[in-house]
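J.: fold the following for me, if possible:
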Amino acid sequence: MTEGWPSSSFSADGLACVRGERVVFAQLDFQLASGEALLLLGPNGSGKSSLLRLLAGLLKPAAGRLSWNGAAVADDREVHAARIHYVGHHDAIKPVLTVLENLRFWARLHDPDSGDEAARMALERFGLWRLHEVPGKLLSAGQKRRLNLSRLLGAPAPVWLLDEPSVALDKASVKTLEAVIAEHRARGGMVILSTHADVDLPGAQALHLDRFAPAPAAAVEAWI
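T.: Next up, the predicted model:
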């Protein structure tokens, strides 16, 4: 686990996202510094998941720019991917691999030098070490969610992108998640999170996606 991340900034300027023939959002801006958190708010369909996927490099913006310390993320997508941990809606668990094998696989994809000790510590933190030899197909929904979240600790990355991370978690697991996020921020990490539930993020900025209304019909044609 890293001792601390260097002071950095992650920003978006004039981002637009088009899915199919629909403008999901346009002219979206934010700026995040080391240790800060951004809470994405808005009704279903407002673009929270699309924005997280765009920030992770899984989607390309229709317009606008993402920057890291002032440099365009698009100039080196591989370097950007290495600084991101993205946990989406899907559990992404290989059913025939054990809990430990799943985490080891993810961690080494992100950091080839990641060791088993880091994996064990991550599983212990999320209360899964006792299940480390259990195949993924036998896990409950809550256990799968905790296994996905353990990826955050299995290999270090300064930016965490979390899409509804508290889904299927019990109250104790939500408290663990909140503590893990707080520790990450204290080390200079950044967190961007969407949720419909209460997750304690002291001092977080709020970004209301529904305020970035789609362009009018005449402008939509220009995006597509």
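J.: can we go C-alpha only for contacts and neighbour counts from here?
T.: Noted.
J.: mind checking pLDDT for Pro112?
T.: At Pro112, the predicted lDDT confidence score is 83.
J.: look up phi and psi at the residue nearest the centre of the chain.
T.: Computing the C-alpha centroid of the chain and ranking residues by CA atoms, centre = their mean puts Leu161 first, at 1.5 Å. Main-chain dihedrals, Leu161, degrees, to the nearest 10: phi -110, psi 110.
J.: run through who's touching stretch 150-157.
T.: Residues from elsewhere that reach stretch 150-157, judged by CA atoms under 8 Å, 6 or more residues apart in numbering: 1-2, 82-85, 103-104, 106-108, 110-111, 114, 118-119, 121-123, 125-126, 160, 189.
J.: residue ranges with poor pLDDT in this structure?
T.: Applying pLDDT under 70 to the chain flags the ranges 1-2, 215-224.
J.: now do the helices in it.
T.: All helices of the chain, identified by DSSP state H, fall at 48-55, 77-82, 99-110, 116-125, 141-154, 171-186, 217-223.
J.: looking at the ones you listed, which is nearest to Arg211?
T.: The closest of the helices of the chain to Arg211 is helix 48-55. By CA to CA, the value is 12.0 Å.
J.: chain center to that closest one, what's the gap?
T.: Distance of helix 48-55 from its chain centroid, counting by CA atoms, centre = their mean, to the nearest Å, is 9 Å.
J.: what is it packed up against?
T.: Applying 3 or more CA pairs under 8 Å, 6 or more residues apart in numbering; DSSP states H and E, we find helix 48-55 packed against strand 159-163, strand 190-194.
J.: strand partners of the first one, parallel vs antiparallel please.
T.: Which is strand 159-163. Strand 159-163 has its sheet partners listed here by DSSP bridges as strand 84-87 (parallel), strand 190-194 (parallel).
J.: format the CA atom coordinates belonging to the shortest one as CSV.
T.: Once side chains and other backbone atoms are set aside, the C-alpha atoms of strand 84-87 remain, and they are given as CSV (Å, rounded to 0.1, in the frame of the first residue of the first chain):
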residue,chain,number,x,y,z
ILE,A,84,-7.5,4.6,-12.2
HIS,A,85,-9.4,2.0,-10.3
TYR,A,86,-12.9,1.7,-11.8
VAL,A,87,-15.6,-0.4,-10.0
